[in-house]
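Enquirer: Build me a model:
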Amino acid sequence: MNRQPLLILAICFILGIFFQDYFFLKGLQMIIFSVIFIFFSSVTLLLRHFIFQTLRPYFLGLLFFGLGTVMHYFNFNQIKNSTENSNHEIVFKITKKLNSSEKNKKYEAEIISGNQTLNAVVFIPKENEELDFRHFYKAKAFVTSPQKPQHDFQFDYSKYLQRKNIAVQCYISENIEIAERKDLTFEEKIRQNRLDVLQKINSTPMSAQSREFLKGIILADRTEMDSETVRDFNRSGLVHFLAISGTHIVIVFGIFYYLMTRFSPLRFRKYAIISSLLFIWFFTAFIGFGSSVVRSSMMLTVYFSYVLLQRKPDFLHALSLSALIILFADTQQLFDVGFQLSFLAVLGIFWLNQPILKLLPRQDNRIKKVFYNTVSISLAAQLATVPLVLYYFHQFSFISIPANLFIVPLSEIVIVFSFVLTGFIAVGIDINFIFIIYDYLILFLLKIIHWFAGFEKVFFENVAMNLTEVAAAFAAVYFLRFVLIKFSVKNISNFVCAVLLFVMVKTGFNLNESLKNEMLVHQFKKEKIVSLKIGNTACFFIPETENSDKINQYIINPYVASRRIKSFQIKETSGKSDKVVFNGKTYDLR
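Expert: Predicted structure coming up:
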């Protein structure tokens, strides 16, 4: 506690959030819990007796555990499915544009009913014009409440929406009436300006791929990016390149800070830092306060606050304080996959970067220093995040390591070029030869990424991983640091024991699952899919349909990963079958 008090308090606060999310205390339970943990801990911290002073760090941890529990209780919105599937006339305004599907454009919106508002996801046909923040919209919509998943292996979209306080989904297929708004808030005006810049980018002469790349890498808008490009980024392990992350924020901060110090006296260095921090927060607001960019901006702000206060910057203090500030504002952020991966990546860099860097050849010039630092940072971040990536996405490609080593050094040039080009477009400066150069550069970059994504033999999908295995994998990552620092018998044995523990845990879960047999019926839209599992093999009976790719994505692959299937078959049925035959046995579906 004396060395890293903020880190320990942040962990206690996070444990409190998990406790409340799992047990969901409410009513009298929450009142009793609040009295026991918060009042008792607060009083104890004020006592001066020697025994209580000795126990003070433990009670302080309990206090933050209780705070995490109580704050998550107030941040969790228990939404009841009070809306039946029915047609309603709704009046709404949009709050955010979401990724489009094959048939629809999607928006987060507020449905206005008297003095009350209801958060919703609104779907409109893709051929309709873009909605904006300047107007109210009125239309007839089919309103439905998000449903719980049919089986345990499926993604719980209803809970995901509930964490965002979204109650219903609205499908609009008829004409939409428009009325101009006169009550735009400051935040909505900024969002509208961002939308105007996005539309200006759409009108440039660049190719569609380059335009969507530019919108994604600078303005955090990937809503219209084609599925093949997204697939290439996912399979090559470079999807973080598109997300507005710490790399982007540091580069934007560095550009502005360089300009401020270049044209101002040295004694104004403090004001250059303050101005640069204000600029990155303006940038954060402009692109819509996305979760990843807020996290990055917060961490950078906390770090440079130490510099401004003339205190030695402490990496873990800055990281912990950033996490506490974000979670105090919204405890639901803890369950955002991006939040977890971004903080784990930073922790991984803290824990493994220097040990890896010391094993690499001596960096005796600037080029070697940049290259080897890129190698060590990329490896450290990937080693720290792999267990969680496998848990959430069940896929990993070993090509991501060389792909990152090749692409990351170019990222600074690409981001700076993209940032400057976006600024030109925003103020109306059209220089055709710059568009041509940028278009050529991005199309060439996308071809390289597509080439990396083509290495199918090193791409593994449907990898089974549960939380117990994740914990065992993190134990191995923890002990890896000591092996890299000092190659001793003790350090090697600790690391080997952690790896063996992971192998034993994984083998145990695989064996347990291989002893189970089951037959399930899955409903996907209007299609009925039947799965038969015998040991670690399975067979899926699906009707002839145009949704086969979606069925693979949302039914077959999640099931294979969840049930640790080693081999499976897919057989087509007429859709009216009431019996199926598998391995010589007949199964009745009625």
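
Enquirer: Which helix or strand contains residue 255?
Expert: Using DSSP states H and E, residue 255 sits within helix 246-262.

Enquirer: So which bits of that helix are buried?
Expert: By neighbour count on 16 or more other CB atoms under 10 Å, the buried set for helix 246-262 is 246, 247, 248, 249, 250, 251, 252, 253, 255, 256, 257, 260. (Each C-beta comes from the backbone N, C-alpha and C, glycine too.)

Enquirer: Any chance of these in a markdown table with distance to residue 443 and pLDDT as columns?
Expert: Output for these, formatted as a markdown table (distance: CB to CB, whole Å; pLDDT from 0 to 100):
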| residue | distance to residue 443 | pLDDT |
| --- | --- | --- |
| 246 | 27 | 72 |
| 247 | 22 | 74 |
| 248 | 21 | 80 |
| 249 | 26 | 84 |
| 250 | 26 | 83 |
| 251 | 22 | 83 |
| 252 | 24 | 84 |
| 253 | 29 | 86 |
| 255 | 25 | 83 |
| 256 | 29 | 84 |
| 257 | 32 | 85 |
| 260 | 34 | 81 |
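
Enquirer: between those, which is nearest residue 102?
Expert: Nearest to residue 102 among those, counting by CB to CB, is residue 248 at 29.1 Å.

Enquirer: Next, please give the residue ranges for the strands of the stretch 351-500 of the chain.
Expert: In the stretch 351-500 of the chain, the strands defined using DSSP state E, counting those that start in this stretch lie at 395-397, 459-461.

Enquirer: among the ones you listed, which is nearest residue 430?
Expert: strand 395-397 (39.2 Å).

Enquirer: Return the distance of that closest one from the chain's centre.
Expert: In this view, strand 395-397 has its centroid 16 Å away from the chain centroid, taken as CA atoms, centre = their mean, to the nearest Å.

Enquirer: What is that strand packed up against?
Expert: Counting contacts by 3 or more CB pairs under 8 Å, 6 or more residues apart in numbering; DSSP states H and E, strand 395-397 packs against helix 366-393, strand 459-461.

Enquirer: which of the ones you listed is buried the deepest?
Expert: helix 366-393 (a mean of 18; mean count of other CB atoms under 10 Å).

Enquirer: pLDDT averaged over it - what is it?
Expert: For helix 366-393, mean pLDDT is 86.

Enquirer: Who are the packing partners of it?
Expert: Secondary elements touching helix 366-393 (3+ CB pairs under 8 Å, 6+ apart): helix 337-359, strand 395-397, helix 400-427, helix 467-485.

Enquirer: and those as a markdown table, adding distance to residue 209?
Expert: Conversion of the helices and strands packed on helix 366-393 to a markdown table gives the following (distance: least, CB to CB, whole Å):
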| stretch | distance to residue 209 |
| --- | --- |
| helix 337-359 | 24 |
| strand 395-397 | 21 |
| helix 400-427 | 14 |
| helix 467-485 | 36 |
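
Enquirer: Tabulate these in CSV, adding columns for mean neighbour count and distance to residue 124.
Expert: Output for those, formatted as CSV (neighbours: other CB atoms under 10 Å; distance: least, CB to CB, whole Å):
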stretch, mean neighbour count, distance to residue 124
helix 337-359, 18, 26
strand 395-397, 19, 32
helix 400-427, 17, 26
helix 467-485, 17, 38
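
Enquirer: Please identify which of these is closest to residue 287.
Expert: helix 400-427 (10.3 Å).

Enquirer: how far off helix 366-393 does that closest one point, in degrees?
Expert: 100 degrees (axes from the mean of the first three to the mean of the last three CA atoms, to 10 degrees).

Enquirer: Could you give the number of residues near residue 265?
Expert: 8 (other CB atoms under 10 Å).

Enquirer: Could you report the separation of it from residue 249?
Expert: 26 Å (CB to CB, to the nearest Å).

Enquirer: what's the answer for residue 398, then?
Expert: 29 Å.

Enquirer: Ok, residue 66 next?
Expert: In terms of CB to CB, residue 66 sits 33 Å off from residue 249.

Enquirer: now swap in residue 437 and tell me
Expert: 25 Å.

Enquirer: Skipping its backbone neighbours, what lies nearest the most centrally placed residue in the chain in space?
Expert: The residue lying closest to the centre of the chain (CA atoms, centre = their mean) is residue 338, at 2.4 Å. Spatial nearest neighbour of residue 338, chain neighbours left out: residue 292 (5.0 Å); criterion: CB to CB, 6 or more residues apart in numbering.

Enquirer: Next up, the contacts around the one you found.
Expert: 220, 243, 244, 245, 338, 342 (CB atoms under 8 Å, 6 or more residues apart in numbering).

Enquirer: so which strand or helix has it?
Expert: helix 291-308.

Enquirer: so where's this structure shaky on pLDDT?
Expert: 1-3, 27-31, 37-54, 77-84, 114, 266-267, 575-590 (pLDDT under 70).
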